[in-house]
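**Q** everything below, folded, please.
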Amino acid sequence: MATRDITQADPELQQFFAFAKRTFELEFPEFSYKPTCVYRSPEEQLVEFKAGRSNCDGEKKLSNHNTLPTKAFDGGIFRRSDGAYIDTILGFPASYRKALYAFIWLLAELKGFRAGGDWDGDGIPVDVDPGEHLNDVYHLEKRKP
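**A** You can find the predicted model right below:
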């Protein structure tokens, strides 16, 4: 099973996660921000690829989740009152969900990281950009040097 241990990420990503969590939770105290996937084995990566949730198959093309320390992590937003993951809350407004993840995405961009909310870097979120291929708003990674 994929890990949620942020200490398995690159130290820069660990620092960013701590910053993003603190900033997000101060701004939106009714929610918490937690890692949902840090390290993922190549076998688990193949499952994600076959399900259409990744462009990396874990065999020919490794994901930034498949090596230690990882160069990526996925984060999720949870309702603080009951711990519910916002993506599973029936009737949770889609526009509010989008705004909450956009807040994290913009923090990442400001700190020099790449967010799965805008793979091509044109500033248009993946869910409305016809040129985008994979809607992965949870994903944050180090930019390639």
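**Q** from here on, contacts and neighbour counts on C-alpha atoms
**A** Noted.
**Q** state the distance spanning the first to the last residue of stretch 71-86.
**A** The first and last residues of stretch 71-86 sit 25 Å apart, counting by C-alpha to C-alpha, to the nearest Å.
**Q** what is the mean pLDDT for it?
**A** Stretch 71-86 comes out with an average pLDDT of 97.
**Q** stretch 39-56 too?
**A** Confidence for stretch 39-56, expressed as mean pLDDT, is 93.
**Q** quick one: the helices in the protein, in order.
**A** The residue ranges that make up the helices of the chain, judged by DSSP state H, are 11-27, 42-50, 94-110.
**Q** tell me the strands beside the helix or strand bottoming out on mean pLDDT in the chain, with direction?
**A** Sorted by mean pLDDT, DSSP states H and E, the helices and strands of the chain end with strand 113-115, the least confident at a mean of 86. Take DSSP bridges as the rule and strand 113-115 pairs in its sheet with strand 139-142 (antiparallel).
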